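Colleague: Fold the following and give me the result.
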Amino acid sequence: MALSATSLIERLAGEENTRRSALLALAVDHAFALPLRTFIHVDDIADVLTEALTEANAEKFIEDEVHPLRARILEHFRKTGETPKDLLPERTPDRLIAIVAKGDRPRGEWAKGAVDVAPLRALLAPVIQNVLLRFTQRLPIPGLGGDGSSSAPKPSRSSGMFGSALRKGAGSIADIGKAALGNISGEVEKKIQTVTRDFSTQAMGEIREALRERFASDEGQEVIRKIRVSLVERILETPVHMLMEDGDRAPVEGLVGLVPAILEHNRARPELRAFIQSEVAYQLEAYGDKSLAEVLDSYGLHTTLRQRVLDQIDAPVRQFVESKGFESWLTELLSDD
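Modeller: The predicted model follows:
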């Protein structure tokens, strides 16, 4: 008596079915044992990827996935208050600092001559001139500035001796110089050292503020814009391999070597598990009720990818149904009473 489709379905149905479980295990084990080239066809994958990489798909992916993901990551770290050091296992921060401090740096040979420095020099020249002028004005030397303070210089015994020596010079520039050098007292020398030390401490803040003002000005913004444009233009004209080779001078290998320990450290952290759970919940909320076909349709890939999958799995399925394992399983199914 021939078996009907209904009777075969009944033999494979039910919540727990050993025949069905055996078939699934047989199929999965068969698929896992196949060489990867059985599933991967170079031309098919290249066709699908190039078809997927459209401008519209890229805009959709960035808008729907990238921006929201960044916002969720940012919100996660706002809630946890984690620092980069929290993400690193013990002693790794010291190793990281050592690698970065010792590592070579990209030389940027490709960028030489890309920027016209003349506008930058013109922008910074007034800052440097102003700093040097203020420094000379604070020196306790008559004719240059004063006594090292912002107030007008007051006559002192040393400065009077200095002036007297100049007035009593022999009349030649050489004699005046000798007189000046010979009458600068140790007190004045110490004052110059003090002024220099104090000014250097104060000058850094003044220089930073002056640079901010210069770069914030219309002239400064235009110089910055031109520098950015010049660098981007040079990057666009530089062969990619040169940029990559220059980047390889950074301590990439040492940094990559830290990754396994960092992953192991974070694997046990509750913050990572909580973020993964929230991400899965978010994706289920967004896509859980949609079919794979609907998701692929949103990127215009359903029809193409479906046909490619059918083409690629035909051979593995044929090998499976022709296998001894499937034959044995089917024989047992058909022989069951």
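Colleague: surely L96 meets L87?
Modeller: No: counting by C-beta atoms under 8 Å, L96 does not reach L87; the two are 10.9 Å apart. All C-beta atoms are positioned from the backbone trio N, CA, C, and that covers glycine.
Colleague: higher neighbour count, these two?
Modeller: Taking neighbours as other C-beta atoms under 10 Å, L96 and L87 compare with L96 leading, 18 against 15.
Colleague: Name the nearest residue to the more buried one, sequence neighbours excluded.
Modeller: Spatial nearest neighbour of L96, excluding adjacent residues (C-beta to C-beta, 6 or more residues apart in numbering): L258 at 6.5 Å.
Colleague: My guess is the one you found contacts D94. True?
Modeller: No: using C-beta under 8 Å, L258 is not in contact with D94; the gap is 11.2 Å.
Colleague: Which one of those two is surrounded by more residues?
Modeller: Taking other C-beta under 10 Å, L258 and D94 do not tie; L258 has more neighbours (15 against 10).
Colleague: quick one, phi psi at that one?
Modeller: phi -80, psi -20 (degrees, to the nearest 10).
Colleague: next one: V317
Modeller: Per degrees, to the nearest 10, the backbone of V317 is at phi -70, psi -40.
Colleague: measure it to T38 for me?
Modeller: Remark: distance between V317 and T38 (C-beta to C-beta, to the nearest Å) = 11 Å.
Colleague: same check, this time on L255
Modeller: Computed with C-beta to C-beta, the distance linking L255 and T38 is 37 Å.
Colleague: where does E253 land on pLDDT?
Modeller: Predicted confidence (pLDDT) for E253: 88.
Colleague: before we move on, which element is it in?
Modeller: helix 252-256 (DSSP states H and E).
Colleague: what's that helix packed up against?
Modeller: In terms of contacts (3 or more C-beta pairs under 8 Å, 6 or more residues apart in numbering; DSSP states H and E), helix 252-256 is packed against helix 92-102.
Colleague: residue ranges of the helices in the stretch 51-200 of the chain, please?
Modeller: 55-61, 67-80, 92-102, 117-138, 157-167, 173-183, 186-216 (DSSP state H, counting those that start in this stretch).
Colleague: Check the stretch 201-337 of the chain too.
Modeller: 218-237, 240-247, 252-256, 259-267, 270-287, 292-298, 302-321, 324-335.
Colleague: And those: which comes nearest D116?
Modeller: Nearest of the helices of the stretch 201-337 of the chain to D116, taken as C-beta to C-beta: helix 218-237 at 7.1 Å.
Colleague: Buried residues, the closest one. List them.
Modeller: The neighbour-count check on helix 218-237 (16 or more other C-beta atoms under 10 Å) flags G220, V223, I227, R234 as buried.
Colleague: tilt between it and helix 117-138?
Modeller: On the basis of axes from the mean of the first three to the mean of the last three C-alpha atoms, to 10 degrees, helix 218-237 is oriented at 140 degrees to helix 117-138.
Colleague: List the contacts of helix 218-237.
Modeller: W110, A111, A114, V115, D116, P119, L120, L123, R214, F215, L243 (C-beta atoms under 8 Å, 6 or more residues apart in numbering).
Colleague: and that helix with helix 240-247, angle?
Modeller: 110 degrees.
Colleague: tell me which of the buried residues of helix 218-237 is nearest to D47?
Modeller: The nearest one, if we look at those relative to D47 and count by C-beta to C-beta, is R234, at 35.5 Å.
Colleague: and that closest one, how far is that from R105?
Modeller: 18 Å.
Colleague: Over to D336?
Modeller: Remark: distance between D336 and R105 (C-beta to C-beta) = 73 Å.
Colleague: now do A122
Modeller: 29 Å.
Colleague: same deal with D86?
Modeller: From D86 over to R105 (counting by C-beta to C-beta), the distance is 27 Å.
Colleague: again, but for I128
Modeller: In this view, I128 and R105 are 27 Å apart by C-beta to C-beta.
Colleague: Quick check: which ranges of the stretch 1-150 of the chain have low pLDDT?
Modeller: For the stretch 1-150 of the chain, the stretches with pLDDT under 70 are 1-2, 103, 135, 138-150.
Colleague: ok, 50 please
Modeller: Across the stretch 1-150 of the chain, the ranges flagged by pLDDT under 50 are 148-150.
Colleague: Test my guess that V100 contacts L258.
Modeller: No: between V100 and L258 there is no contact under C-beta under 8 Å: 10.9 Å.
Colleague: In this structure F275 contacts H76, no?
Modeller: Yes: with contacts counted by C-beta under 8 Å, F275 reaches H76, the gap being 5.3 Å.
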